[in-house]
Structures are given as C-alpha cells and as structure tokens.
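> Coordinates only, no sequence provided:
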Ligand code: FES
Ligand code: MG
C-alpha cells in the first residue's frame with residue numbers, strides 16, 4: 001500500500017500553483033527578497049504565523065519580541081517556516097480611553113490577516129488582558145490551526161517586605177493617598193514596586209485569568225499560563241509551542257475541535273476556582289460566540305457560582321504569579337476540580353492529551369497557594385448573576401466578598417445576605433471624579449455608589465470604573481470601600497465587591513438611566529435581585545421627562561463604527577455582524 005500523500009496546505013495556493021504561474025511568481029519573489037529561498041517556499045512545509053502582540057506600545061507583551069526567536073526555532077525544528085506579523089497593540093494600562101475598545105479592532109485585524117495571507121497555522125502570543133480574547137476570537141472565527149503562547153506574569157512585586165501585586169496595589173495606594181499616609185512620590189514608589197520585571201500583571205487579574213482559561217480551554221500546552229515571563233521555562237515553552245503548532249497543522253487540528261461546549265464549561269469552573277477576573281465572563285462568551293458555541297451568563301451561574309475558591313492569589317488571596325506557578329499552576333487546579341467530578345475530562349487539548357490525561361500528570365494541591373477541593377479558601381466563590389426591576393443581568397464576584405463587607409452590609413437583623421442603601425449616581429468617570437468629594441452629596445457608609453454611561457455604547461468599549469473609591473473624608477474615617485454598581489466593568493485586579501456589567505446599559509435605554517441620587521435600592525444576594533424602590537408613577541414620570549442619554553461623542557472613526565455594531569457586555573460585547581461569520585476558511589474558502 002502506498003502511503004497517503006501529504007495534505008495540500010493552503011499556503012501552497014500562494015507559493016506553488018503552476019496553473020497561476022504569474023501570481024505564484026509574485027508571491028514567491030518578494031518573500032525571497034529577505035533571504036527565504038524558493039525551495040523553502042515550495043517545499044510543502046507548513047507556513048506558521050506568529051501573531052505578535054508585543055511592541056514598545058504594549059509593554060506587558062513586549063518580551064514576546066524576544067520569545068519569538070525560540071518560537072521560530074521550534075517551528076523550524078519541526079519542519080515549518082515561521083512568519084511573524086504584528087497585531088494591533090492592546091495595552092490595558094495605557095490605551096485611552098480604554099483598551100476594551102480595541103479588543104474587537106485587534107480581533108477584526110487578525111481575522112483579515114489569518115484569512116488573507118498564506119498561513120497554515122498560527123501561534124497566538126497572548127498576555128495583557130485583551131490580547132488573549134482578541135487572538136482566540138480571531139482564531140475561532142477563521143478556524144485555522146492555532147495555539148496560545150502566553151507571555152507569563154511579571155515576577156512577584158515586593159515593597160517593604162510585603163508582596164505587592166500589580167493593579168491591586170493601586171486600589172490600596174489610592175486610599176493611602178486619600179488619607180495623606182503617602183504623597184505623590186510615595187504613591188509612585190509603592191505602585192512601581194509591583195512591576196519588577198517583564199511580563200503581564202502578576203495578580204490573578206484579567207491577564208493571568210484569561211491565559212489560565214486559554215489553558216483550561218485546551219488552547220495552550222499544559223502549564224503554559226503561569227510560567228513567569230522572566231523564567232527560563234518561558235523560553236522553553238515558546239520552543240515547545242513552536243514545535244507543536246507544526247504538528248497541529250499536519251494533523252489538521254483546528255480551534256473548533258478544541259473549543260467545544262464542554263471545554264467552555266470547564267473554563268467556567270476553572271475561572272471560579274481561580275477567583276478569576278470579572279472580565280472573564282464577557283471575554284469567554286465572546287470567544288464562544290465566534291466559534292459558534294452557545295454560552296450565556298446563565299451557564300456562569302449554573303456551573304460556576306457554587307465552585308469553591310482554590311487559588312490563593314491576589315486580589316481574592318495573598319500570593320502572585322510566581323507562587324501560583326510553583327504550586328503547579330492551572331494543571332494543579334484542574335486536578336482538584338477533576339477529582340471533585342467538576343470537569344469534562346474527555347476534552348481534547350492542543351497538546352494531544354485530554355484534560356483527564358493532563359490531570360494524571362499534575363501535582364497535588366500544596367494546600368497553601370493552591371487549596372484542595374475539600375479545604376478551599378472559600379465556598380461558593382464563583383460569580384453570581386443578578387437581575388432586577390431595572391436591568392436584565394449583572395455579575396458579582398463572590399470570591400472578593402469579604403468579612404468586612406458582610407459585617408457592614410449583610411448583617412442587618414432580618415436581612416440575611418441583603419441590604420438597602422441610598423443611591424448616589426454618577427454619569428461616567430469624569431462626573432465621579434469631579435463630584436465624589438462634594439459634601440453636598442452627603443455620602444456616608446449607608447450609600448451605594450452607582451456609575452452609569454459606561455457600557456459598551458456609553459463609553460465605547462466600556463470603562464473599568466465601577467469600583468469607585470469612597471470620598472476621601474470617609475476613607476480617613478476608615479470606610480475604605482462602599483458597595484458599587486454600574487453598567488461598566490471593573491479591573492480584574494480589584495477586590496471590590498461590586499455589581500458590574502449591568503445590561504442593558506443606560507446608553508442602550510436600560511433602566512439605570514431612570515435612577516436618581518437619593519433613590520433607595522435593595523440588594524438581595526440570596527435571591528440574586530436588585531430592586532429600585534421607586535414607585536411606578538414616579539418611574540413613568542421620569543420616563544416622560546427622559547431625554548436621550550448623555551454620552552460623550554465619538555472621538556475617532558473606529559469609536560463611531562464600534563458603536564454602530566457592538567452588543568452588550570452580557571453577550572460578550574461582540575461586533576454583532578461578525579458573529580455571523582463562523583469557520584471562515586471552511587465555509588467561505590480562501591480569498
Ligand atoms: Fe497589561 Fe495588567 S496591564 S496585564
Ligand atoms: Mg483591566
């Protein structure tokens with residue numbers, strides 16, 4: 001029997017098509033001008049893209065520029081040909097008005113590249129918050145063989161003998177600044193100490209959460225997410241990832257084989273056990289929609305809410321990326337969850353092993369940084385999904401609902417897990433900054449701070465601003481946090497027990513637009529309900545006087561286009577028309 005001839009690769013339609021010699025010549029000659037040979041390009045070897053998210057403008061991912069050398073070595077050693085190309089920068093800490101605006105832009109750009117260029121597979125270099133979902137969303141839409149290479153967290157930050165986590169330190173430092181315990185210089189010194197090396201945030205913020213979920217989904221090699229950026233293992237992981245993508249192309253293993261409904265269910269369970277970022281639900285839902293898997297906030301409630309917290313990482317716990325990695329990272333968490341019967345072990349991963357096989361090799365929980373399922377840090381630590389008489393859905397991260405909050409708000413006699421508060425309403429972050437310290441607002445410890453105008457439409461992209469600090473006067477009296485809610489998001493590094501991502505947002509006609517300062521609001525965590533205690537006649541009157549919600553004008557063409565097509569956070573904040581394009585290469589073909 002003669003062996004089956006190797007599958008014709010899509011890159012050969014560019015580089016080796018004798019029926020279109022003119023076009024082939026054009027494609028081949030310009031790739032030769034920097035040293036590639038015709039022999040290489042026409043050898044039928046897989047052409048592997050490296051989607052480069054690092055640049056001087058994207059410091060959390062910048063070391064991917066150096067890592068690419070190891071990735072390329074792996075690709076070459078496995079018989080492939082690497083081609084590195086840039087992805088639109090997604091820098092969470094510096095992109096104004098918000099990097100969230102660009103997740104969908106980077107997604108769109110990457111889809112066009114993967115579809116329009118001679119690539120057989122792609123290494124997705126991920127790290128900073130939105131880079132992971134943007135890359136996975138694009139790979140999902142196109143359905144080209146793909147593998148995630150995380151950049152890894154920074155080394156642990158230390159200040160005066162204490163661990164300080166990036167992002168998380170800011171929420172603490174701003175209270176110290178408000179009380180005068182530190183000044184501007186002290187603020188800068190303290191916060192900079194949290195970022196001691198290359199890498200993305202070392203807390204279990206959105207970056208480490210989303211890279212961990214990429215691994216839990218099966219899209220990276222086992223152990224990839226947690227290796228600190230500066231460790232030698234990171235370069236070794238880049239090499240192994242480069243080798244593996246060539247096999248994925250040869251075996252024609254595509255994202256749609258990995259990103260199944262069961263894989264997403266696993267990721268939800270893992271997110272809860274990690275105390276993952278509040279940005280994970282919209283990102284995961286967006287990835288699912290682009291691969292054609294139905295996933296909703298109801299799934300987060302049903303599968304995730306009761307899962308215990310196992311990872312003892314900031315902001316819900318005390319350790320950072322290095323500790324998480326040494327304790328076994330994602331595989332160690334998977335092992336605990338699998339033993340408790342909470343995972344689909346049959347899910348395949350890009351490594352070629354199933355989740356069950358990975359779990360068999362994984363270390364046991366160390367009982368400190370990674371807790372066992374039997375002795376978790378906290379029970380019922382996932383997100384709860386709330387609804388109310390003025391909105392359809394919102395999320396709250398239970399792993400950060402601490403004792404202080406329970407004592408202050410959830411322990412009134414006869415109101416188990418519920419409280420009533422006076423609302424103080426802000427229209428966007430500028431309004432909040434301008435007025436929070438205004439004594440006329442009369443803000444005290446029985447107030448609920450409300451932020452609106454910050455959803456995907458209102459503040460295009462949606463702003464991370466709902467975790468509002470109390471007025472400085474209150475902080476000085478020791479009230480360092482107040483309950484908050486709003487239609488925007490909060491940073492994954494925040495430990496604030498806030499009600500977030502309220503959908504529909506006020507700018508989309510959501511009921512938040514009817515709320516006024518001094519309204520009473522009742523929050524019942526057991527019933528997962530938030531009620532605006534204003535009678536119907538008054539609401540009807542407000543509806544009458546309602547004019548168009550005031551939102552800032554678009555500043556750029558992209559903001560204008562984004563606002564025309566984006567959906568709500570509850571459904572992933574996707575560009576809605578883009579979700580109609582599934583498995584582009586298979587269903588629509590090459591250009
Ligand atoms: Fe980039 Fe946190 S700001 S990872
Ligand atoms: Mg963020």
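Arrived safely, thanks for sending. These numbers were taken from a predicted model, which means no experiment stands behind them. Ligands and ions are numbered 1, 2, ... in the order given.

> what about residue 83, which SS state?
Under the three-state scheme (DSSP: H, G, I helix; E, B strand; the rest coil), residue 83 adopts strand.

> pLDDT score assigned to it?
Per-residue pLDDT puts residue 83 at 98.

> could you pull out the strands for the chain?
Under the criterion DSSP state E, the chain contains strands at 47-52, 81-86, 121-126, 146-150, 157-159, 162-164, 383-388, 391-397, 418-427, 447-452, 484-486, 498-503, 520-524, 529-532.

> Contacts for the last one next, please.
Where contact means Cβ atoms under 8 Å, 6 or more residues apart in numbering, the residues beyond strand 529-532 that reach it are 386-391, 394, 485, 499, 511, 514-515, 519-524, 539. In this view, the C-beta of every residue, glycine as well, is placed from N, C-alpha and C.

> Residue 210 against residue 133, yeah?
Yes. Between residue 210 and residue 133 there is a contact under Cβ atoms under 8 Å: 6.2 Å.

> intersection of neighbour lists for these two?
Common neighbours of residue 210 and residue 133, using Cβ under 8 Å, 6+ apart, are residue 283.

> pretty sure residue 9 is touching residue 41, no?
No. In this structure residue 9 lies outside contact range of residue 41 using Cβ under 8 Å: 11.5 Å.

> Could you report the neighbour count for the nearest residue to residue 485 once chain neighbours are set aside?
Nearest non-adjacent residue to residue 485, counting by Cβ to Cβ, 6 or more residues apart in numbering: residue 499, 3.6 Å away. Residue 499: 25 surrounding residues under other Cβ atoms under 10 Å.

> Okay, and the beta partners of residue 499?
Beta bridges link residue 499 to residue 396, residue 485 when assigned by DSSP bridges.

> Correct me if wrong: it contacts residue 385.
No. Residue 499 is not in contact with residue 385 according to Cβ under 8 Å; the separation is 10.5 Å.

> can you list residues touching both of these two?
Overlap of the contact sets of residue 499 and residue 385 (by Cβ under 8 Å, 6+ apart) consists of 394, 395.

> and the closest residue to ligand 2 within the stretch 151-300 of the chain, how many neighbours does it have?
Per Cβ to the ion, residue 206 is where the stretch 151-300 of the chain lies closest to ligand 2, at 4.8 Å. Residue 206 has 29 neighbouring residues, counting by other Cβ under 10 Å.

> how near is it to residue 115?
Residue 206 sits 27 Å away from residue 115, going by Cβ to Cβ, to the nearest Å.

> Residue 215 now?
Counting by Cβ to Cβ - residue 215 and residue 115 are separated by 26 Å.

> Give the residue from the two that has the larger number of neighbours.
residue 215 (29 against 19).

> sorry, back to before: save the strands of the chain as CSV, and put in distance to residue 99 too.
Below are these laid out as CSV (distance: least, Cβ to Cβ, whole Å):
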stretch, distance to residue 99
strand 47-52, 17
strand 81-86, 16
strand 121-126, 14
strand 146-150, 18
strand 157-159, 21
strand 162-164, 23
strand 383-388, 22
strand 391-397, 20
strand 418-427, 22
strand 447-452, 18
strand 484-486, 19
strand 498-503, 16
strand 520-524, 30
strand 529-532, 28
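
> For residue 347, find the nearest of those.
Closest approach to residue 347 among those is made by strand 146-150 (15.2 Å; Cβ to Cβ).

> one step back: against ligand 2, how distant is the residue nearest to residue 485?
18 Å (Cβ to the ion, to the nearest Å).

> Weed out the non-buried ones from the contacts of strand 529-532.
The neighbour-count test (16 or more other Cβ atoms under 10 Å) marks 386-388, 390-391, 394, 485, 499, 511, 514-515, 519, 521-524, 539 as buried among the contacts of strand 529-532.

> confidence score at the spatially closest residue to residue 109 that is not a sequence neighbour?
Distance criterion Cβ to Cβ, 6+ apart; nearest residue to residue 109, sequence neighbours excluded, is residue 88 at 5.0 Å. Note on residue 88: pLDDT of 98.

> Number of residues surrounding residue 88?
Neighbours around residue 88, by other Cβ under 10 Å: 18.

> helices and strands of this structure: which one bottoms out on pLDDT?
The weakest-scoring helix or strand in the chain, judged by mean pLDDT, DSSP states H and E, is helix 403-409 (a mean of 81).

> Quick check: buried residues in that one?
405, 408, 409.

> For ligand 1, state which of the residues you listed is nearest.
residue 405 (24.5 Å; Cβ to the nearest ligand atom).

> for the closest residue in space to residue 419 that isn't next to it in sequence, what are its contacts?
What sits nearest to residue 419 in space, not counting adjacent residues and going by Cβ to Cβ, 6+ apart, is residue 409, at 4.4 Å. Residues near residue 409 by Cβ under 8 Å, 6+ apart: 419, 421, 483.

> Next one: residue 123 relative to residue 239, how far apart?
Distance, residue 123 to residue 239, by Cβ to Cβ: 11 Å.

> intersection of neighbour lists for the two?
residue 71.

> For the two, indicate the residue with more neighbours.
Taking other Cβ under 10 Å, residue 123 and residue 239 do not tie; residue 123 has more neighbours (30 against 19).

> Check the closest residue to that one other than its chain neighbours and give its pLDDT.
Nearest non-adjacent residue to residue 123, counting by Cβ to Cβ, 6+ apart: residue 50, 4.8 Å away. According to the prediction, residue 50 has pLDDT 99.

> do the same with residue 362
At residue 362, pLDDT is 98.

> what's the nearest residue to it once chain neighbours are set aside in contact with, if anything?
Of all residues not flanking residue 362 in the chain, residue 331 sits nearest, at 3.6 Å (Cβ to Cβ, 6+ apart). For residue 331, the contacting residues are 222, 223, 358, 359, 361, 362, 363, by Cβ under 8 Å, 6+ apart.

> Report the buried members of those residues.
Applying 16+ other Cβ under 10 Å to the contacts of residue 331 flags 222, 223, 358, 359, 362 as buried.

> Run through the chain and note the low-pLDDT ranges.
Within the chain, the segments meeting pLDDT under 70 span 1-5, 546-549.

> Around ligand 1, pick out the residues from it.
Proximity of the chain to ligand 1 (Cβ under 6 Å from any ligand atom) is limited to residues 60, 92, 93, 128, 129, 167, 200, 201, 205, 207.

> Just send those back as a markdown table, with neighbour count too.
Shown next, in a markdown table, are the residues of the chain next to ligand 1 (neighbours: other Cβ atoms under 10 Å):
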| residue | neighbour count |
| --- | --- |
| 60 | 28 |
| 92 | 27 |
| 93 | 17 |
| 128 | 29 |
| 129 | 33 |
| 167 | 26 |
| 200 | 33 |
| 201 | 32 |
| 205 | 29 |
| 207 | 36 |
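
> Same list (those residues) but as TSV, adding distance to residue 321.
As requested, those are exported to TSV (distance: Cβ to Cβ, whole Å):
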residue	distance to residue 321
60	12
92	16
93	16
128	14
129	14
167	12
200	9
201	8
205	10
207	9
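
> List the ones among these that fall in helices.
residue 207 (DSSP state H).

> Nearest to residue 373 among the residues of the chain next to ligand 1?
Relative to residue 373, and with distances defined as Cβ to Cβ, the nearest of those is residue 205, at 23.8 Å.

> I figured that closest one was touching residue 167, is that so?
Yes. Between residue 205 and residue 167 there is a contact under Cβ under 8 Å: 5.1 Å.

> Overlap in contacts, the two.
Going by Cβ under 8 Å, 6+ apart, residues that sit against residue 205 and also against residue 167 are 315, 491, 492, 493.

> Which one of those sits in the busiest neighbourhood?
Busiest of the shared contacts of residue 205 and residue 167 [other Cβ under 10 Å] is residue 493, holding 29 neighbours.

> Okay then, goodbye and thanks.
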